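# next come a sequence and a model predicted from it.
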Amino acid sequence: MIAFVTRQAAVNLRFYLSMGLTGIFVLLIIAANILVSAKGFKSSDFMARYDFHTERVLIYKEYRRFITSAFLHVNWWHLIFNMIALYFFGAQLGTILGAIGFLAIYVAGVLGGNAFALYIQRNNSGYSTVGASAGINAVMMACIVLIPGMSIYLFFLPVPGWLLGLAYMLFSIYGIRSRKEGVSHEAHLGGGILGILIALLWQPSALVDNWWVVLLLLVPSLAFVLIVVRYPHYLLIGSIRPKANYTRYDRENIEKKVTEAQVDAILEKINQKGMRSLTRQEKETLHKYSKP
């Protein structure tokens, strides 16, 4: 995540300590991230034991990874950028919603971001990710939707908060769509959406006062989520760069591969939970695919 500083949240350690619970929560989260990440840098086994790995979560039910992965980072730069963002945006959100509001949004962002990443990557057994970005993105988006006029300094240049928020959400959508590896854009988008929704529940007046920002950030994000849920092949087809001779036959083959992946997931669900656990849509997919 890029390093930035908010004008309203130009805080220092003394200010944090005066904030009571909010300051304590933020500083404890930062300290835990530094200690756990540092251990992960030294031990690949430790990293593999606690990162967010789809196969370990879905097959082996290691749900602790939803939380533990948020305290690990790829390298020192990844950790430093994330912690700077948390330091400033955490203070800003704490002054608006209080300590409990901040903590609720951060934790929900971590869990929701990883849940959305798990859904998108459910058929990718090799997918793994680490980082606190989902929770931090939730906090950042909550700040932006509550104070859209805030100035965020990007490489020492002031940028309107709502503009950076929109750019970040659109970039996350692009990252998911392009299937570029190395960054968990799914977690970023999922965390950001939850941060906005919880902030609005906590402070409903923002829905009226800042309705245009809410629409600007949520409409493209939620529309994208609905599309990938309803039409999962949208992601796979979008990840393939068609050649000049890309034909209808090629497209049908791609869609067939998507269907096969869906059926594999359904069969795995039947194996674990039984036929009654299937949804109506899953039963229709299975019936359609089983026809000769």
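Perfect, I can see it now.

# local confidence estimate at Leu154?
Predicted confidence (pLDDT) for Leu154: 74.

# how much space between it and Leu216?
Distance from Leu154 to Leu216, counting by C-beta to C-beta, to the nearest Å: 18 Å. (Each C-beta comes from the backbone N, C-alpha and C, glycine too.)

# so between those two, which is more surrounded?
Leu216 (19 against 15; other C-beta atoms under 10 Å).

# wait, doesn't the more buried one sit right on Leu166?
Yes: Leu216 lies in contact with Leu166 (C-beta atoms under 8 Å); the separation is 5.6 Å.

# need the contact list for the residue nearest the centre of the chain.
For the chain, the residue sitting closest to the mean C-alpha position, by C-alpha atoms, centre = their mean, is Ala187 at 1.9 Å. Shown in contact with Ala187 (C-beta atoms under 8 Å, 6 or more residues apart in numbering): 113-114, 116-117, 129, 131, 133-134, 137.

# just flag the most distant two among the residues you listed.
Using C-beta to C-beta, the contacts of Ala187 span at most 14.3 Å, a distance reached by Phe116 and Gly131.

# so how far is the host helix or strand of the residue nearest to the centre of the chain off the chain centroid?
Here Ala187, judged by DSSP states H and E, is contained in helix 185-202. In terms of C-alpha atoms, centre = their mean, to the nearest Å, the gap separating the centre of helix 185-202 from the centre of its chain is 8 Å.

# what's the next secondary structure element after that helix?
helix 205-209.

# returning to what we had before: okay, Phe116 and Gly131: which has more neighbours?
More crowded of Phe116 and Gly131, by other C-beta under 10 Å: Gly131, with 28 against 24.

# can you pull out the helices in this protein?
Along the chain, counting by DSSP state H, helices occupy 13-18, 21-42, 44-50, 54-58, 65-68, 76-120, 133-146, 161-178, 185-202, 205-209, 211-230, 233-238, 248-273, 280-290.

# highest average neighbour count across those helices?
Each of the helices of the chain was scored by mean neighbour count; the highest is helix 133-146, a mean of 30, by mean count of other C-beta atoms under 10 Å.

# next, the angle from that one to helix 211-230.
140 degrees (axes from the mean of the first three to the mean of the last three C-alpha atoms, to 10 degrees).

# got the angle between helix 133-146 and helix 76-120?
90 degrees.

# helices or strands up against helix 133-146?
With contacts defined as 3 or more C-beta pairs under 8 Å, 6 or more residues apart in numbering; DSSP states H and E, the packing partners of helix 133-146 are helix 76-120, helix 161-178, helix 185-202, helix 211-230.

# please save the CA atoms from the third one in CSV.
Listed next in CSV are the C-alpha coordinates belonging to helix 185-202 (Å, rounded to 0.1, in the frame of the first residue of the first chain):
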residue,chain,number,x,y,z
HIS,A,185,-6.9,-7.0,-4.7
GLU,A,186,-9.9,-9.1,-3.7
ALA,A,187,-9.2,-8.5,0.0
HIS,A,188,-8.7,-4.8,-0.6
LEU,A,189,-12.1,-4.4,-2.4
GLY,A,190,-13.9,-6.6,0.1
GLY,A,191,-12.4,-4.7,3.1
GLY,A,192,-13.2,-1.3,1.5
ILE,A,193,-16.8,-2.2,0.9
LEU,A,194,-17.3,-3.4,4.4
GLY,A,195,-15.6,-0.3,5.9
ILE,A,196,-18.0,2.0,4.0
LEU,A,197,-21.1,0.0,5.0
ILE,A,198,-20.2,-0.3,8.7
ALA,A,199,-19.3,3.4,8.8
LEU,A,200,-22.7,4.3,7.4
LEU,A,201,-24.4,2.0,10.0
TRP,A,202,-22.4,3.7,12.8
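
# having no further points to raise, I will conclude here.
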